[in-house]
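Asker: have a look at this fold, sequence not included:
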């Protein structure tokens with residue numbers, strides 16, 4: 001095993017992107033609207049040209065695509081020259097990615113679909129600049145009015161400091177179709193703490209608990225951090241129910257009617273709000289995982305490989321429709337991307353089959369039910385969290401090549417963290433006090449009811465002074 005060496009984490013310069021919502025005036029909104037659609041038209045022309053070159057047995061490169069787009073007359077491409085060059089470069093990268101995925105066995109196609117919208121890119125110093133009055137100008141080309149808006153404030157979420165515009169890079173103007181709002185994607189350079197050392201940290205990924213990290217603190221102690229992700233399940237469940245209910249109502253409406261437009265707008269609001277919440281959730285998960293990695297000076301990250309687990313689940317009848325829906329909406333890849341960016345480490349994937357079924361103490365195979373793992377070997381009886389078992393076994397396989405028992409007298413320290421804590425300290429205390437009052441009231445009511453039932457069930461004496469021909473008012477009459 002590899003334990004944490006003495007030392008401190010290092011820092012390096014990294015690039016982060018801040019998403020800043022902006023409000024455009026009427027004239028600027030119309031210019032941006034037309035430019036988005038014109039950029040999409042240039043993309044479509046470039047895609048058609050590339051497919052024609054392929055049919056002619058040619059293989060155009062990045063600069064060939066750029067030459068074709070820039071050869072279009074200026075009146076038919078009313079955008080900044082750097083914005084049109086970005087379209088060519090993005091198309092070339094999409095072609096490279098599709099070819100790489102096809103080599104890895106994925107059934108994908110090269111870009112072919114027609115687009116109705118594309119974000120606008122503005123390079124630093126040419127595409128965007130500050131005007132003398134302090135406003136930000138996004139250029140649409142020489143001789144054409146640009147998009148002018150107030151200078152946005154970019155604040156570093158870690159340090160809380162305002163990022164100067166001198167550190168900004170290429171800006172993108174994007175349109176959020178669900179929230180119906182423009183936003184600026186502003187990259188900037190900053191310094192971040194990254195992990196540096198020789199320790200190995202393994203990660204077991206899941207839907208309920210997105211990440212479970214395991215690291216050997218010393219020869220007799222394993223530190224486990226379990227990040228709970230039930231917040232994301234609640235967000236997705238609420239969104240799915242709301243969208244399905246609105247979709248049923250939409251199926252009964254006429255297209256273009258007032259009610260149809262109102263329901264479509266409500267559906268977009270639900271989806272837009274859920275997307276922002278899930279983006280925050282993914283960042284919170286990766287942030288807490290990064291804290292574990294940096295605290296243990298990790299130099300190697302190994303992740304249990306669950307890529308492709310959602311494929312062909314219906315044909316193979318592996319799970320029901322609810323399970324398939326959870327797998328299809330699992331944001332595992334986004335969380336891995338955020339974790340790699342924040343730690344500065346490259347993630348390795350390792351086959352994790354039967355990692356949650358194998359006992360790390362004796363090596364026996366069990367089929368656990370629920371989140372608690374209990375070894376059924378009568379000579380073992382090992383008990384621990386199921387996801388912690390998976391992370392430990394992935395660690396052993398990364399070191400020894402197989403699921404080797406951890407040995408006796410090993411202490412497993414498990415820390416449970418909430419990915420997103422929505423309540424403040426005062427809200428949590430107030431909620432606890434309310435729940436205590438409810439519990440006391442319920443307990444008192446139950447005690448009173450049991451006391452009355454006991455008193456009513458007592459036998460009456462014949463010479464009791466309470467004996468009467470009238471029924472006892474405390475005894476229930478059917």
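Answerer: Right, received. Where do you want to start? Source: prediction; values computed, not measured.
Asker: in stretch 60-73, what's buried?
Answerer: 60, 62, 65, 66, 68, 69 (16 or more other Cβ atoms under 10 Å). The way it works is simple: take the backbone N, C-alpha and C, and place the C-beta from them, glycine included.
Asker: so of these, which ones are in strands?
Answerer: Counted as lying in strands by DSSP state E, out of those, is not a single one.
Asker: export the residues you listed to JSON lines and tack on pLDDT?
Answerer: Formatted as JSON lines, the buried residues of stretch 60-73 follow (pLDDT from 0 to 100):
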{"residue": "60", "pLDDT": "94"}
{"residue": "62", "pLDDT": "93"}
{"residue": "65", "pLDDT": "96"}
{"residue": "66", "pLDDT": "95"}
{"residue": "68", "pLDDT": "96"}
{"residue": "69", "pLDDT": "95"}
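Asker: closest to residue 289 among those residues?
Answerer: residue 62 (35.3 Å; Cβ to Cβ).
Asker: what sits against that closest one?
Answerer: Residue 62 is in contact with 88, 89, 92, counting by Cβ atoms under 8 Å, 6 or more residues apart in numbering.
Asker: any of those residues buried? List them.
Answerer: Buried among the contacts of residue 62 (16+ other Cβ under 10 Å): 88, 92.
Asker: average pLDDT for the strand or helix carrying residue 430?
Answerer: Element membership for residue 430, per DSSP states H and E: helix 425-456. Averaged across helix 425-456, pLDDT comes to 66.
Asker: what residue lies at the spatial centre of the protein?
Answerer: residue 282 (3.2 Å; Cα atoms, centre = their mean).
Asker: angles on the backbone of it, please.
Answerer: Torsion angles at residue 282 (phi, psi; degrees, to the nearest 10) stand at phi -60, psi -40.
Asker: from what I see, it and residue 334 are in contact.
Answerer: Yes: shown here, residue 282 and residue 334 form a contact pair, counting by Cβ atoms under 8 Å, at 5.1 Å.
Asker: so, low pLDDT: which residues of the stretch 1-150 of the chain?
Answerer: Where the stretch 1-150 of the chain drops to pLDDT under 70, the residues are 1-9.
Asker: ranges for the strands of it?
Answerer: Along the stretch 1-150 of the chain, the stretches classed as strands by DSSP state E, counting those that start in this stretch are 10-22, 120-122, 128-130, 136-138, 147-149.
Asker: quick one: the host helix or strand of residue 188 to strand 10-22, angle?
Answerer: In this assignment (DSSP H and E), residue 188 forms part of strand 181-194. Per axes from the mean of the first three to the mean of the last three Cα atoms, to 10 degrees, the angle that strand 181-194 makes with strand 10-22 is 170 degrees.
Asker: so how far is residue 190 from residue 158?
Answerer: 8 Å (Cβ to Cβ, to the nearest Å).
Asker: I meant to write residue 35 there.
Answerer: Applying Cβ to Cβ to residue 35 and residue 190 gives a distance of 30 Å.
Asker: please, where are all the helices along this structure?
Answerer: 26-55, 62-70, 81-103, 230-250, 258-295, 321-328, 332-343, 386-400, 425-456 (DSSP state H).
Asker: list the buried ones in the fourth one?
Answerer: Within helix 230-250, the residues scored as buried using 16+ other Cβ under 10 Å are 231, 232, 235, 236, 239, 240, 242, 243, 246, 250.
Asker: tell me which other helices or strands that helix touches.
Answerer: Contacts defined by 3 or more Cβ pairs under 8 Å, 6 or more residues apart in numbering; DSSP states H and E place helix 230-250 against helix 258-295, helix 321-328.
Asker: quick one: average confidence on it?
Answerer: 93.
Asker: distance between that helix and the chain's centre?
Answerer: Here helix 230-250 shows a centroid-to-chain-centroid distance of 17 Å under the convention Cα atoms, centre = their mean, to the nearest Å.
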